[in-house]
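>>> predicted model and sequence follow; I will ask about them next.
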Amino acid sequence: MTRPVERTGTFQLAGAAEGQALVFSQPLSFWGGINAETGDITDHSHPGLGQNVAGKILVMPSGRGSSSSSSVLAEAIRRGTAPAGMLLERQDPILALGAIVAEFLYEIRMPLVACDIAGIASGDRIMIGIGEDGAAIVSIRPTINPAAPRRQ
């Protein structure tokens with residue numbers, strides 16, 4: 001078994017989560033892109049069409065558009081069909097708003113972290129934790145040999 005790789009990041013919403021990585025090189029909009037009842041990706045223009053985000057650690061550059069994405073994310077968190085956490089290359093205020101609203105209204109926390117996502121592949125095991133200094137600690141356990149070429 002390979003050793004985990006650790007990275008630090010910046011929390012947009014602090015918390016702990018663990019799950020299998022679901023990695024996309026393209027941003028995803030929750031408004032019109034995710035079915036909040038099931039967690040299925042429904043955006044026909046997205047390469048993740050038909051995949052399910054529920055309980056996964058969603059890894060992507062950022063969210064994509066529509067301020068309504070925050071309400072869809074909050075509803076998915078309430079229903080238990082949202083990702084367990086998200087790793088983004090760039091902070092995303094719309095997704096952060098959805099996660100913050102869900103924590104406030106439903107007392108359910110979904111950590112949202114801005115960090116380096118290079119080299120993370122779908123299927124890797126991701127753990128998000130809080131460091132002593134409050135920074136996000138992201139532990140990545142690759143599912144394959146880290147020396148092998150990685151596809152996202």
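Received, thanks. Please read all numbers here as calculations on a predicted model, not as lab measurements.
>>> how near is A114 to I41?
With distances defined as Cβ to Cβ, to the nearest Å, the gap from A114 to I41 amounts to 22 Å. The way it works is simple: take the backbone N, C-alpha and C, and place the C-beta from them, glycine included.
>>> how about R79, what does it touch?
Neighbour list for R79: 36-37 [criterion: Cβ atoms under 8 Å, 6 or more residues apart in numbering].
>>> neighbouring strands - and their directions - for the longest strand along the chain?
Looking only at the chain and at elements set by DSSP state E, the strand with the highest residue count is strand 5-13. Strand partners for strand 5-13, identified by DSSP bridges, are recorded as strand 112-114 (antiparallel), strand 136-141 (antiparallel).
>>> got the buried residues for the longest helix belonging to the chain?
When the chain is scanned for its longest helix (criterion: DSSP state H), the result is helix 93-106. Under the neighbour-count criterion of 16 or more other Cβ atoms under 10 Å, helix 93-106 has 94-103 buried.
>>> in CSV, list the strands paired with strand 5-13 along with mean neighbour count.
Written out in CSV, the entries for the strands paired with strand 5-13 read as follows (neighbours: other Cβ atoms under 10 Å):
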stretch, mean neighbour count
strand 112-114, 26
strand 136-141, 20
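>>> out of those strands, nearest to V5?
Across the strands paired with strand 5-13, the minimum distance to V5, taken as Cβ to Cβ, is reached by strand 136-141, at 4.7 Å.
>>> brilliant, that's me finished.
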